[in-house]
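**Student:** okay, predicted coordinates and the sequence, questions at the end:
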Amino acid sequence: MKDKDIIKVIKLLLILGCLYLFMLIIECIVGSIWNLILFLAIILTVLWCYYRKKKEKTYAKGVLLLIIILLFFIWSIGPCVYERHIAEMKKTELEEKEREIEGKKYANEMEEGMKRAQEETKEEHDKRKVEEVESEKANVSSTPIYNFKEDKDCSDFSNASEATEFMKESKAAGFGDHRLDRNRDGIACN
């Protein structure tokens, strides 16, 4: 960084620090009736000094009074500002710890959720695999593979239900009924 940038940053930090201090002072003034009375006394003394200066009268007593009131004000408000600052710092540290705890808790919940989701996915995958294997076994053993291009007769089947199944599958595949249902009742070879 250049020297000008550093100076700008320092000025910005000073402004922020003064705003923070001003906020604490205002909280302390409003928080105590004694501090509020001292603040009003300072304002009235400054106005009185300004009025006397404008009339070209001496205002040395006013300046002395202003210094005494300012010292009382600083003595009264100093500890309050310090305590409020310490309270803000402790509050900030506590909030940081709470955010850290919440962050860890959220991360643990997300991790557990991911593990549960992975386990559920694996269980579903295993179930599908088992179902596929069982259905393949059932399909291989129960469903004969037909060549619908070959012309079939009732003598090619062991019973009427097998011929009816072939006829229905042949119709669904677009190859017709192979003249297995001569009486057109939907049952082959009867």
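**Tutor:** Alright, I've got the coordinates. Given the structure is predicted, the values throughout are model-derived calculations rather than measurements.
**Student:** which stretches in the chain count as helices?
**Tutor:** For the chain, the helices defined by DSSP state H occupy 3-31, 33-54, 60-142, 160-173.
**Student:** please work out which of those is packed deepest.
**Tutor:** Most buried of the helices of the chain, by mean neighbour count (mean count of other C-beta atoms under 10 Å): helix 160-173, with a mean of 16. The C-beta positions use only the backbone N, C-alpha and C, and glycine is treated the same way.
**Student:** other residues contacting that helix?
**Tutor:** Here helix 160-173 makes contact (C-beta atoms under 8 Å, 6 or more residues apart in numbering) with 144, 146, 148, 152, 154, 156-157, 176-178, 180-181, 186-190.
**Student:** do that again at 10 Å, thanks
**Tutor:** Contacts to helix 160-173, defined as C-beta atoms under 10 Å, 6 or more residues apart in numbering, come from residues 143-144, 146, 148-149, 152-157, 159, 175-181, 186-190.
**Student:** try stretch 17-30
**Tutor:** Contacts of stretch 17-30 (C-beta under 10 Å, 6+ apart): 35-40, 73, 76-85, 87-88.
**Student:** list only buried entries from the contacts of helix 160-173.
**Tutor:** With burial judged by 16 or more other C-beta atoms under 10 Å, the buried subset of the contacts of helix 160-173 is 148, 152, 157, 175, 177-178, 180-181, 188-189.
**Student:** where in the chain is pLDDT low?
**Tutor:** 1, 138-145 (pLDDT under 70).
**Student:** so for it, the centremost residue is which one?
**Tutor:** By C-alpha atoms, centre = their mean, the chain has its centre lying nearest to Tyr106, at 9.6 Å.
**Student:** need the contact list for that one.
**Tutor:** With C-beta under 10 Å, 6+ apart, Tyr106 has no contacts at all.
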